[in-house]
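1. Provide a 3D model corresponding to the input given below.
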Amino acid sequence: MKNSLKILLLVVCFQFYSCSDSDDKYVDLVAEEGEQYSGGETTFFNTTEEAFGFSAPNLTFDEQSDFGIGNSFFRQSWVTAPSSTTARDGLGPFFNAVSCSSCHFKDGRGRAPLFDGETAHGLLLRLSIAGVNTNGSSFADPIYGGQMQDNAILGQTLKGRFNIVYQDIIETLADGTVVTLRKPTYVFNSLGYGPLANDLKVSPRVANQMIGLGLLEAIDESTLLAFADVTDVNNDGISGKVNYVYDVATNSKKIGRFGWKANQPNVRQQVAAAFSGDIGITSSLFPNENCPPGVDCNAIANGGSPEITDANLDKVALYSSTLAVPGRRNYTEQNVLEGKKVFETINCTSCHIPKIKTGNTHVITALRNQTIRPYTDLLLHDMGIGLADNAPDFEASGLEWRTQPLWGIGLIFTVNGHTNLLHDGRARNVTEAILWHGGEAEKAKNSFKQLTTKQRTQLLEFIDSL
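-> The predicted structure follows:
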């Protein structure tokens, strides 16, 4: 009888524990209300190769019209002057690409060249030397300028080309997974105008996807300053700061938001700088051609002065500001929600801030008062020696980079056919990108390395859903 009672009690206890474990230990996670609307009301749901190319659905009729014109200037190729196509002539004389879309194919992300000599791939090299100009920008190479253009129009000597040599670095995760990282070194060749400066700093920059730029511009300065913690007051190891950069139009310093080091204050100046440096198209903001010493730019035919009018520049800026952010995919799936929890637990959200509200003053009404999910703070962070370019950029040090927005990251392969990430495209996937994190992100990276295989898979599924 006693033995029978003991068996009965054990069975009852086992059943009770099992039910309790099943009911209390695991509870289905639930997505936040509106979590799928990464760009607020500007979100567009499309998962095709055109996912980055739609206009925000809440634009006015006139803005939609200007968006279409800006789109044509973004996608179509510029030609050498003189040409019957007077609105699109003036290419070069030195350039990296013939159109914006050459690097931002389908409004997406560029990559490093796949073979020596490949051009118009979406990776360029910024050049600087010690010292700063009166506006706070770095001194450029005295011969080759602030950017290596690896193309030239007919009749001009090429500035030069570069090759990339990769060194393998092995990382081993806690579950035994071995990951091979690639560290790039840039080798210049075919230099057309003499040697580069002895103390030259080379900073590679990959063209980013274009989505949501206007929303980032619409975030109030006070919001960004509230994110900053320069002296790490809360002792979490994260000490982001804003970059103060030169605003050409107002001849003043403004908070930088765009570019890998947040070195541009607004979309319009970012667009004009790209026209100048990448395509060789002058504008009212950047009226000078990129000619080495000894090359008389005035003797080379141009497409007018400036080569893109303010009206057309404004339309390209509007286009670049109002490309819709793709909506989330699979955001209600349990694996994705578990991955989101892992993302928060290992403190990725200290820099990749999930949710921000835009201000109410942006010139484009559609971008005002939007609850967005960009997963960035737009601040500069020390990312460690492994990613350092050692090239200061206004107040950004050679160790610091702007937090990359993560929205749209899961669609890069669909749109552009690759998954290369980071400022120079060295990371071939999200895992490699995380393993390159250092400096302020060293702790989060080490936590990532300690995840179980299941946790890591869930985290990557979450990031892929963004």
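
2. surely Leu313 touches Thr282?
-> No - contact criterion Cβ atoms under 8 Å: Leu313 and Thr282 do not qualify, at 10.5 Å. Glycine gets a C-beta too; all of them are placed from N, C-alpha and C.

3. got any residues that touch both of those two?
-> Shared contacts of Leu313 and Thr282 (Cβ atoms under 8 Å, 6 or more residues apart in numbering): Phe275.

4. hmm, who's touching stretch 53-64?
-> The contact list for stretch 53-64 (Cβ under 8 Å, 6+ apart) reads 39, 41-44, 46, 67, 106-107, 214, 318, 322-324, 364-367.

5. mind running it again at 7 Å?
-> By Cβ atoms under 7 Å, 6 or more residues apart in numbering, the surrounding residues in contact with stretch 53-64 are 41-42, 44, 46, 67, 106-107, 318, 322-324, 364, 366.

6. any idea of the mean pLDDT in it?
-> The pLDDT scores in stretch 53-64 average 98.

7. try stretch 149-159
-> Stretch 149-159 comes out at a mean pLDDT of 96.

8. alpha carbons of that stretch, as PDB, please.
-> Output in PDB follows, covering the C-alpha atoms of stretch 149-159 (Å, rounded to 0.1, in the frame of the first residue of the first chain):
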ATOM      1  CA  GLN A 149      38.300  58.700 -59.200                       C
ATOM      2  CA  ASP A 150      39.300  55.600 -61.200                       C
ATOM      3  CA  ASN A 151      37.700  56.700 -64.500                       C
ATOM      4  CA  ALA A 152      38.400  59.600 -66.900                       C
ATOM      5  CA  ILE A 153      36.800  61.000 -70.000                       C
ATOM      6  CA  LEU A 154      38.400  60.500 -73.400                       C
ATOM      7  CA  GLY A 155      41.700  62.500 -73.700                       C
ATOM      8  CA  GLN A 156      42.500  62.700 -70.000                       C
ATOM      9  CA  THR A 157      45.100  60.600 -68.200                       C
ATOM     10  CA  LEU A 158      43.500  58.300 -65.600                       C
ATOM     11  CA  LYS A 159      44.200  59.300 -62.000                       C
END
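
9. okay, buried residues for that stretch please.
-> Using 16 or more other Cβ atoms under 10 Å as the test for burial, stretch 149-159 gives 149-153, 156, 159.

10. one more: stretch 229-242?
-> Within stretch 229-242, the residues scored as buried using 16+ other Cβ under 10 Å are 229, 238-242.

11. what about the strands in the stretch 1-150 of the chain?
-> Using DSSP state E, counting those that start in this stretch, the strands of the stretch 1-150 of the chain run over residues 94-95, 123-132, 138-139.

12. picking up where we left off before, could you export the contacts of stretch 53-64 as a markdown table, including distance to Ile353 and pLDDT?
-> A markdown table is the format used below for the contacts of stretch 53-64 (distance: Cβ to Cβ, whole Å; pLDDT from 0 to 100):
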| residue | distance to Ile353 | pLDDT |
| --- | --- | --- |
| Glu41 | 20 | 98 |
| Thr42 | 18 | 98 |
| Phe44 | 22 | 98 |
| Asn46 | 25 | 98 |
| Phe67 | 28 | 98 |
| Lys106 | 27 | 98 |
| Asp107 | 24 | 98 |
| Leu318 | 26 | 98 |
| Thr322 | 22 | 98 |
| Leu323 | 21 | 98 |
| Ala324 | 21 | 98 |
| Ile364 | 22 | 98 |
| Ala366 | 22 | 98 |
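
13. among the residues you listed, name the buried ones.
-> Neighbour counting by 16+ other Cβ under 10 Å classes 41-42, 44, 67, 106-107, 318, 322-324, 364, 366 among the contacts of stretch 53-64 as buried.

14. nearest to Thr172 among those residues?
-> Lys106 (36.6 Å; Cβ to Cβ).

15. how much space between the closest one and Val271?
-> From Lys106 over to Val271 the distance is 18 Å, taken as Cβ to Cβ, to the nearest Å.

16. again, but for Asp168
-> Computed as Cβ to Cβ, the Asp168 to Val271 distance reads 38 Å.
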